[in-house]
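>>> Just a sequence and a predicted model for now, questions to come.
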Amino acid sequence: MNRRNWISNISGLLAAFSLPGLPMGSARAASAFPLTKAKPEWKKLLPADSYRVLFEEGTEASGSSALNAEKRSGTFVCAACNLPLFDSAHKYESGTGWPSFWQPLAGGLGTATDFKLIYPRTEYHCSRCGGHQGHVFNDGPQPTGKRYCNNGVALKFVLKGEPLPALRT
Ligand SMILES: [Zn+2]
């Protein structure tokens, strides 16, 4: 990210808040998603590791997800609400130990800027339920140059030819 983008991101973030000192991550929490459930409800519905990543913005250990090595054709859907987020055609081996894609499916993701590691990173999440998926970086392969670095536990893989799961309501 170049310096100009940094500055515009920071001023955009400040402009978005009327109150100073709001905790990080509030930008996303404040937006409304088509599917909204209280955190305790998601906690009941999801495995503990998926819940922690999706709704507490956790990060799984590098190399811990079986989806990292998933090379078959198919679709990656949100582990919380089943919205299709990535196609296997856009997955690549980034060497990071996290499932990586150079492009999401249209309409699948929303983004926000977070400052958890001091420098701003672009967080992305499911556009339907708001569940945190990962971060996007500008060191990916062509044609986009993007690296969507995703938590495996935030995704489910659906093999090509198998029906996509119904969207959770
Ligand atoms: Zn979702």
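That came through, no problem.
>>> which of the residues in the helix or strand residue 52 falls within are buried?
Assigned by DSSP states H and E, residue 52 belongs to helix 48-56. Across helix 48-56, burial judged by 16 or more other Cβ atoms under 10 Å covers 49-55. In short, each C-beta sits where N, CA and C put it, glycine included.
>>> Name the surrounding residues that touch it.
Contact with helix 48-56 is made by 39, 42-43, 46, 58-60, 79-80, 126, 129, 131-133, 151, 153-154, as judged by Cβ atoms under 8 Å, 6 or more residues apart in numbering.
>>> mind redoing it with 7 Å?
39, 42-43, 46, 58-60, 79-80, 131-132, 151, 153-154 (Cβ atoms under 7 Å, 6 or more residues apart in numbering).
>>> ditto for stretch 125-135
28, 33-35, 53-55, 57, 78, 80-81, 83, 85, 98, 107-110, 121-124, 148-151, 154.
>>> Go ahead and build a PyMOL selection from the buried members of those residues.
A single PyMOL command selects the buried members of these (16+ other Cβ under 10 Å):
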select buried, resi 28+33+35+53+54+55+57+78+80+81+83+85+98+108+109+110+121+122+123+124+148+149+150+151+154
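>>> From the contacts of stretch 125-135, pick out the ones that also neighbour the ion.
78, 80-81, 83 (Cβ under 5 Å from the ion).
>>> tell me which residues in stretch 127-134 are buried?
Buried residues in stretch 127-134 (16+ other Cβ under 10 Å): 127-134.
>>> In those, find the pair that's most separated.
Farthest pair in those (Cβ to Cβ) is 128 and 134. Separation: 16.0 Å.
>>> hang on, the earlier thing: possible to save the contacts of helix 48-56 as CSV with secondary structure and pLDDT?
CSV is the format used below for those (DSSP: H, G, I helix; E, B strand; the rest coil; pLDDT from 0 to 100):
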residue, secondary structure, pLDDT
39, helix, 96
42, helix, 98
43, helix, 98
46, coil, 98
58, coil, 95
59, coil, 96
60, coil, 98
79, coil, 98
80, coil, 98
131, coil, 98
132, strand, 97
151, coil, 98
153, helix, 98
154, helix, 98
